[in-house]
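Colleague: Structure of the sequence below:
(one chain, ligands or ions: 1)
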Amino acid sequence: MGTLAGDFAMAIQVNLLSHSEDPMRSLYMAYRTCYSQLTPQQVAARVEDERIPREKMHNFIVERLKTGHASPLEQVWFEFAISGVSRAFSHQFVRHRVGISFEQQSQRYVTYKKGEFPYSIPKSVEKAGMSEKMEDLFGKAGALYEELVEAGVPAEDARFLLPNATTTNFKITVNFQSLLHICDLRLCTRAQWEFRRVAALMRAEVAKAVPELGGYLQPKCGELRTGYCDESVEDWEACPIGRVRPHKDALFRLYDQYRKGELQPLREEDWDAIEGIGAEVAGGG
Ligand SMILES: Cc1cc2nc3c(=O)[nH]c(=O)nc-3n(C[C@H](O)[C@H](O)[C@H](O)COP(=O)(O)OP(=O)(O)OC[C@H]3O[C@@H](n4cnc5c(N)ncnc54)[C@H](O)[C@@H]3O)c2cc1C
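Modeller: Residues are numbered from 1 along each chain as shown. The predicted structure is shown next:
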């Protein structure tokens, strides 16, 4: 019943089940109500008869998304089915408290038959050549689980011996603001690989269904989010994305120099580079 590391990627499944009927209209209505003399009913009528075309709605939303006015994003929701994730993942997932509702497969009401519980094994364990040992242990745990159940121990107590590797399933509803926040944190390379995988799959599902919004689901350093890294300098240096993202300390240093008038002026050689002196052949166009 286990999932070997080799097919582990296939074991995690994330599907968008449903979402707000028309997310762009919901967002437009929410923002426009704040900034218009019109009533929301009048705005809705104009959207309905296309006096406000989709493109105008889209452009308006793009401008609002550049601001910190985030509460309208809470009015758009997404429903996901998520399966084959480990209990190690689920402990982290349910730490998100705001704008998200979870239902998770129960280990109280679900008794694993014949002691066969589903599990997954990380690639790192397989690479270390240790997956057989791990599976062997899980086999023994399953046998003892079965023994306990047969001895009358309820599933809610027999589960005490199950590992973090045991897989579980979710049905969740999350609003767009909360999903952006989850992706800020969990698409960051500092997050655990399994959570990164799930967040990336949620992102892909949203991008398929609502392409106008999917792209906004980025790690917090993404160009549509803060654009910089706020983790430690050591983590930033170790991150492959760090090469294309400034660290916040660098931004503050730059700001400080600018404020004090100490910004390095352009030098002669910089002007040589700009004017292409010594490189007449390069560039062009
Ligand atoms: C890389 C990484 C490592 C982590 N390591 C650990 C760890 O070692 N140990 C551990 O216990 N956890 C750890 N966590 C989990 C982390 O502490 C948070 O519990 C988790 O990320 C949920 O984040 P959140 O509170 O921002 O999100 P949410 O709960 O979804 O909150 C959303 C927003 O609302 C705000 N908010 C929510 N509730 C309140 C409130 N009551 N008062 C004020 N503001 C509120 C939050 O600050 C946040 O801005 C880790 C998370 C990450 C990403």
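
Colleague: Off-centre distance for the lengthiest helix in the chain?
Modeller: Counting by DSSP state H, the longest helix found in the chain is helix 131-150. Relative to its chain's centre, helix 131-150 lies at 33 Å (CA atoms, centre = their mean, to the nearest Å).

Colleague: can you dump the C-alpha coordinates of that helix into CSV?
Modeller: Coordinates of each C-alpha in helix 131-150 appear next as CSV, following Å, rounded to 0.1, in the frame of the first residue of the first chain:
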residue,chain,number,x,y,z
SER,A,131,13.7,2.9,1.5
GLU,A,132,13.6,-0.8,2.0
LYS,A,133,14.5,-0.5,5.7
MET,A,134,11.8,2.2,6.1
GLU,A,135,9.2,0.0,4.3
ASP,A,136,10.2,-2.9,6.5
LEU,A,137,9.5,-0.9,9.6
PHE,A,138,6.2,0.3,8.2
GLY,A,139,5.3,-3.3,7.5
LYS,A,140,5.9,-4.2,11.1
ALA,A,141,4.0,-1.1,12.3
GLY,A,142,1.0,-2.2,10.1
ALA,A,143,1.1,-5.7,11.5
LEU,A,144,1.1,-4.4,15.1
TYR,A,145,-1.7,-1.9,14.2
GLU,A,146,-3.8,-4.8,13.0
GLU,A,147,-3.0,-6.8,16.2
LEU,A,148,-4.1,-3.8,18.3
VAL,A,149,-7.4,-3.4,16.4
GLU,A,150,-8.1,-7.1,16.6
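
Colleague: Check which residues of stretch 191-202 are buried.
Modeller: For stretch 191-202, a neighbour-count test (16 or more other CB atoms under 10 Å) marks 191, 194-199, 201-202 as buried. For the C-beta atoms, the positions are set from N, CA and C on the backbone; glycine is no exception.

Colleague: Which residues does that stretch contact?
Modeller: 9, 12-14, 16, 78, 80, 82, 85-86, 88-89, 92-93, 122, 179, 182-183, 185-187, 189, 217 (CB atoms under 8 Å, 6 or more residues apart in numbering).

Colleague: Run the chain-centre distance for the strand or helix carrying residue 194.
Modeller: For residue 194, the element it lies in under DSSP states H and E is helix 193-209. Here helix 193-209 is found 6 Å from its chain centre; the criterion is CA atoms, centre = their mean.

Colleague: roughly how far is the helix or strand just after that helix from the heart of the chain?
Modeller: As assigned by DSSP H and E, the chain's next helix or strand after helix 193-209 is helix 211-214. Between the centre of helix 211-214 and the centre of its chain there are 14 Å (CA atoms, centre = their mean).

Colleague: Downstream of helix 211-214, the next helix or strand is which one?
Modeller: That would be, after helix 211-214 and using DSSP H and E, helix 233-238.

Colleague: Return the set of buried residues in that following helix.
Modeller: So, applying 16+ other CB under 10 Å, buried residues of helix 233-238: residue 236.

Colleague: sorry, back to before: other residues contacting the longest helix of the chain?
Modeller: 1-2, 4-5, 111-112, 114-117, 119, 121, 125, 155, 157-159, 161-163, 165.

Colleague: Give me the pLDDT for the residue nearest the centre of the chain.
Modeller: In the chain, the centroid-proximal residue (CA atoms, centre = their mean) is residue 183; its distance is 2.7 Å. Looking at residue 183, its pLDDT is 98.

Colleague: Helix or strand: which one has residue 103?
Modeller: strand 100-104.
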